[in-house]
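I'd like to go over a predicted model; first the sequence, then the structure.
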Amino acid sequence: MAAAILAALMWRDPRARAPARGFVLAGAACLAVAHAIWWLLVMPVNLEFAAWTPQAVPADWMRWRDPWEFTHTARAGLFLLGYCGLLAAVFSDRRCRQVESTG
């Protein structure tokens, strides 16, 4: 939510520069997609795993585990991209404002 609020505030700020706006929008989008992936792909598998017992693990358990692991990896990459986008937005906007004030 904080990333979406930051994106909205930066988008409405007339002093924010285009690169910063693009970075913050991309960062917030990556975080939103990572969250959506959890609800759509990870949570259903978690519910399936919760129904298993150690004595009654199905023979095709790897069919469930492999996509579950892949989605965790994809989410980690999206979180990394999202946070890097937010940092790039803050630092690029700060740099533009410093150049304007000295120039």
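Thanks, I have it.

where does the closest residue to Val90 other than its chain neighbours land on pLDDT?
Closest residue in space to Val90, ignoring its immediate chain neighbours: Ala20 at 7.6 Å, by CB to CB, 6 or more residues apart in numbering. Just so you know, the C-beta spots here come from the backbone N, C-alpha and C atoms, and that holds for glycine as well. Model confidence at Ala20, given as pLDDT, is 84.

just the one 10 residues further on next, same as before
Predicted confidence (pLDDT) at Cys30: the value is 96.

which secondary structure element contains it?
Element membership for Cys30, per DSSP states H and E: helix 18-37.

measure the residue lying closest to Val24 once chain neighbours are set aside to Leu6 for me?
Nearest non-adjacent residue to Val24, counting by CB to CB, 6+ apart: Ala89, 3.7 Å away. Taking CB to CB, to the nearest Å as the measure, Ala89 falls 8 Å from Leu6.
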